[in-house]
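**Student:** I need the structure of the sequence given here:
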Amino acid sequence: MKFVASQSAFSAALNSAMGVVPGRSTLQVLTNFLLNLEGNMLEIGATDLDTSIRLRVEVEGIRDGSILVSAKELFDMIKIQKAPQV
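**Tutor:** As a prediction, this is how the structure comes out:
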């Protein structure tokens, strides 16, 4: 998966999804985001098993794919970026 996104739009979507991600969980998978890129649409998914969220962000898609990534680490990295695109 490879894409280019607006830092502000991507950060805003991740911020919304962080509200669903539990701080601690016995199921490690719940502390991750599922990112799925199809064409120019990136879907961000998160759940705590009671509540789920799926957000779509328009991006410049380069290579489609899916990945499970640490929600906190990705959010922190994107939040501090100064570049207008990430």
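
**Student:** residues making contact with the helix of greatest length in the chain?
**Tutor:** Of all the elements of type helix in the chain, the one with the most residues (DSSP state H) is helix 7-18. Residues outside helix 7-18 that contact it (C-beta atoms under 8 Å, 6 or more residues apart in numbering): 33, 42, 44-46, 53, 55, 57-59, 71-72, 74-75, 78-79, 81, 83-86. To be clear about C-beta, it is placed using only N, CA and C from the backbone, and glycine gets the same treatment.

**Student:** now with 6 Å?
**Tutor:** Contact with helix 7-18 is made by 44, 46, 53, 55, 57, 75, 78, 79, 81, 84, 86, as judged by C-beta atoms under 6 Å, 6 or more residues apart in numbering.

**Student:** now the following helix or strand past it against helix 7-18, angle please.
**Tutor:** Using DSSP states H and E, the helix or strand that directly follows helix 7-18 along the chain is strand 32-38. Here strand 32-38 runs at 130 degrees with respect to helix 7-18, directions being taken by axes from the mean of the first three to the mean of the last three C-alpha atoms, to 10 degrees.

**Student:** Point out the other helices and strands that strand 32-38 packs with.
**Tutor:** For strand 32-38, the helices and strands in contact under the criterion 3 or more C-beta pairs under 6 Å, 6 or more residues apart in numbering; DSSP states H and E are strand 41-47, strand 65-70.

**Student:** hey, which of those is tucked in deepest?
**Tutor:** strand 41-47 (a mean of 19; mean count of other C-beta atoms under 10 Å).

**Student:** Tell me who's in contact with residue 56.
**Tutor:** 41, 43.

**Student:** Adjacent strands (with direction) for the host helix or strand of it?
**Tutor:** Assigned by DSSP H and E, residue 56 falls within strand 52-58. According to DSSP bridges, the neighbouring strands of strand 52-58, each with its direction, are strand 41-47 (antiparallel).
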